[in-house]
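Engineer: this is a predicted model, with the sequence first.
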Amino acid sequence: MARKSASDVVVVLGLGRFGKSLALELMSQGTEVLGIDSSDAVVQKVAHRLTHAVVADTTDEESLRQLSVHEYGRAVVGIGSDLEASLLTASALINLGVHNIWAKAISNAHAKILTQIGVHHVVRPEHDMGKRVAHLVRGRMIDYIEFDDGFAMVKTTPPAFAIGRRLGDTAVRSDFGVTVVAIKRPGEDFTYATADTVLAPGDTIIVSGRVRNTERFSELT
């Protein structure tokens, strides 16, 4: 496999629904992907769409070493339903010294074990998406991103009380604990918001703050 530097390549171990979707998205963004799965049928389905795809036992450290997985800086364990395979694969990557390991977890217990053995980033796709959709359903949120420290950024529309007023006169920060960081007029691109920005009907805004504060603000009418 003709490779770029390690920082430009991601190894995806487990090419099921999550692993395959991730690998193809990385490819679409110009990132080279080495895909590995124990199923020949699975690998055959994606081989022509990835930089390189091979059949191998992802839980076998020596097999991964022969594939030079230890030379890559980033790896993703896409195995979820087979808990033993997930943990053994993650353990093999840790033993090989891969510097940045992501892994999918299907439960809190699974996530806790992955973290305890040394996985750097644990994701729970179904759980995280459920939380995100729940937030979008509740109010005027158009999009929602939550960070690990309880901080969030929300794409929403301005509440009625703020329309036609300078942001500096709305007391949004003192009353609601959020900051309007960007604004988008219809037909225009996003731009930074300032204290002199006047909100209008049809605007889209980006608001940042603690999770509960952004929730409360987005539920205003």
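Structural biologist: Yep, that arrived.

Engineer: check which helix or strand covers the closest residue to Val76 other than its chain neighbours.
Structural biologist: Nearest-residue entry for Val76: Trp102, 4.4 Å, with adjacent residues in sequence omitted and distances by Cβ to Cβ, 6 or more residues apart in numbering. Placement of C-beta: from N, CA and C, glycine included. Counting by DSSP states H and E, the element that carries Trp102 is strand 100-104.

Engineer: do Gln116 as well
Structural biologist: Applying DSSP H and E as the criterion places Gln116 in helix 108-117.

Engineer: and that helix, what's its mean pLDDT?
Structural biologist: Within the predicted structure, the mean pLDDT of helix 108-117 is 94.

Engineer: give me the residues contacting the helix or strand bottoming out on mean pLDDT in the chain.
Structural biologist: Of the helices and strands making up the chain, the lowest-confidence element is helix 125-138, at a mean of 76, by mean pLDDT, DSSP states H and E. Contacts made with helix 125-138 from outside it, assessed by Cβ atoms under 8 Å, 6 or more residues apart in numbering, are listed as Phe18, Lys104, Ile106, Met141, Ile142, Asp143, Tyr144, Glu146, Val154, Glu215, Ser218, Glu219.

Engineer: and the fourth one, that one's in a helix?
Structural biologist: No. The assignment for Met141, made by DSSP: H, G, I helix; E, B strand; the rest coil, is coil rather than a helix.

Engineer: for Arg49, see how far away the residue nearest the centre of the chain is.
Structural biologist: With distances taken as Cα atoms, centre = their mean, Val123 lies nearest the centre of the chain, 7.8 Å away. Between Val123 and Arg49 the distance, using Cβ to Cβ, to the nearest Å, works out to 22 Å.

Engineer: one more: Ala85?
Structural biologist: Counting by Cβ to Cβ, the gap between Ala85 and Arg49 amounts to 23 Å.

Engineer: please apply the same query to Leu22.
Structural biologist: As for Leu22, its distance to Arg49 is 13 Å (criterion: Cβ to Cβ).

Engineer: between those two, tell me which one has more neighbours.
Structural biologist: Legend: neighbour count by other Cβ atoms under 10 Å for Leu22 and Arg49, higher for Leu22 (22 against 14).

Engineer: from memory the more buried one sits against Val12, does it?
Structural biologist: Yes. Between Leu22 and Val12 there is a contact at 6.1 Å, judged by Cβ atoms under 8 Å.

Engineer: and the pLDDT for the closest residue to Ser39 other than its chain neighbours?
Structural biologist: In space, and not counting its chain neighbours, Ser39 is closest to Val55: 7.2 Å by Cβ to Cβ, 6+ apart. Turning to Val55, the model gives it a pLDDT of 97.

Engineer: residues contacting Val55?
Structural biologist: Ile36, Asp37, Ser38, Ser39, Asp40, Val43.

Engineer: over to Ile113?
Structural biologist: Ile113 makes contact with Leu87, according to Cβ under 8 Å, 6+ apart.

Engineer: try 10 Å
Structural biologist: With contacts defined as Cβ atoms under 10 Å, 6 or more residues apart in numbering, Ile113 is in contact with Leu83, Ser86, Leu87, Ala90, Ala103, Ala105, Ser107, Val119, Val122.
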